[in-house]
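Colleague: 3D model of this:
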Amino acid sequence: GPVIWVGDFNTWNSSRMRHLLQITQRLGLTHHVPPNDKRNLKLDHFFSRGLNVTKIEILNQFKSSDHKPLRLTIQK
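Modeller: Numbering: from 1, shown residues only. Got it, this is the predicted structure:
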């Protein structure tokens, strides 16, 4: 069935990011990259399967952490 997998995956180096992408590819997950994410170090990622994600964005107005909330729109 449908899957949403999102969070801080601690991908602070290229080896960790490659490993995460290998795992998610095996699981048939799509990596959604927010076009407004201007951070140099991207630790938070959003993956899905079986859903039509029409929009994803970082909510940059929150300054309380180095992690930013993600908002997504799913079409039925």
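Colleague: mind checking pLDDT for residue 71?
Modeller: Looking at residue 71, its pLDDT reads 91.
Colleague: Can you report how many residues neighbour it?
Modeller: The number of residues packed near residue 71 is 12, by other CB atoms under 10 Å. Heads up, the C-betas are built off the backbone N, CA and C, glycines and all.
Colleague: doesn't residue 54 make contact with it?
Modeller: No. In this structure, residue 71 sits apart from residue 54 without contact. The criterion is CB atoms under 8 Å, and the distance is 11.8 Å.
Colleague: Skip the chain neighbours and tell me the closest residue to residue 70.
Modeller: Distance criterion CB to CB, 6 or more residues apart in numbering; nearest residue to residue 70, sequence neighbours excluded, is residue 46 at 5.6 Å.
Colleague: In contact with that neighbour, which residues are there?
Modeller: Contacts were defined as CB atoms under 8 Å, 6 or more residues apart in numbering; by that measure residue 46 touches 4-6, 31-32, 34, 56, 70, 72.
Colleague: Looking at those, which one is closest to residue 13?
Modeller: Of all the contacts of residue 46, the one sitting nearest residue 13 is residue 31; the distance, using CB to CB, is 17.2 Å.
Colleague: Could you give the bridge partners of that closest one?
Modeller: According to DSSP bridges, residue 47 are recorded as the beta-bridge partners of residue 31.
Colleague: mind checking how far it is from residue 46?
Modeller: Residue 31 sits 8 Å away from residue 46, taking CB to CB, to the nearest Å as the criterion.
Colleague: Dump the contacts of residue 46 to CSV, plus secondary structure, neighbour count and distance to residue 17.
Modeller: Converted to CSV, the contacts of residue 46 look like this (DSSP: H, G, I helix; E, B strand; the rest coil; neighbours: other CB atoms under 10 Å; distance: CB to CB, whole Å):
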residue, secondary structure, neighbour count, distance to residue 17
4, strand, 14, 20
5, strand, 15, 15
6, strand, 14, 16
31, strand, 13, 10
32, strand, 16, 15
34, coil, 21, 16
56, strand, 19, 18
70, strand, 17, 17
72, strand, 16, 20
